[in-house]
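Engineer: no sequence for this one, just the structure:
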């Protein structure tokens, strides 16, 4: 079942937290969304989505004092093996144990 496009847009805005999201980053995140966003993000579609966003009562807009740095998306699933340390159960003093890196 496909999610309503405006709900998907609101999800992406909300996922950025209290810092909010720039419009450029919003388009970038929607283009890379999984499952796919479902709408072509051509200028006409972007204009439509923007007009919906500015009417959304739960959204507040602020002008930043300076531009944000460009966002680069990373595939965390693809990067999961890079730099990962083996983890196991470590026994501590007094019978206390916990998870930690193991030396091989």
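Structural biologist: Everything's here; your move. Since the structure is predicted, the reported quantities are computational estimates derived from the model, not experimental observations.

Engineer: can you pull out the strands in the chain?
Structural biologist: For the chain, applying DSSP state E gives strands covering 87-91, 97-101.

Engineer: do you know how far the residue nearest to the spatial centre of the chain is from residue 30?
Structural biologist: By CA atoms, centre = their mean, the chain has its centre lying nearest to residue 15, at 5.8 Å. Residue 15 sits 11 Å away from residue 30, going by CB to CB, to the nearest Å. (C-beta placed from N, C-alpha, C; glycine too.)

Engineer: how about the helices of the chain, start to end?
Structural biologist: 5-15, 23-31, 43-55, 76-79 (DSSP state H).

Engineer: Leaving out sequence neighbours, find the closest residue to residue 49.
Structural biologist: Once flanking residues are discounted, residue 49 sits nearest to residue 9: 5.6 Å by CB to CB, 6 or more residues apart in numbering.

Engineer: wait, what's in contact with the one you found?
Structural biologist: If a contact means CB atoms under 8 Å, 6 or more residues apart in numbering, then residue 9 has 26, 30, 49, 52-53 as its contacts.

Engineer: From those, list just the buried residues.
Structural biologist: 26, 30, 49, 53 (16 or more other CB atoms under 10 Å).
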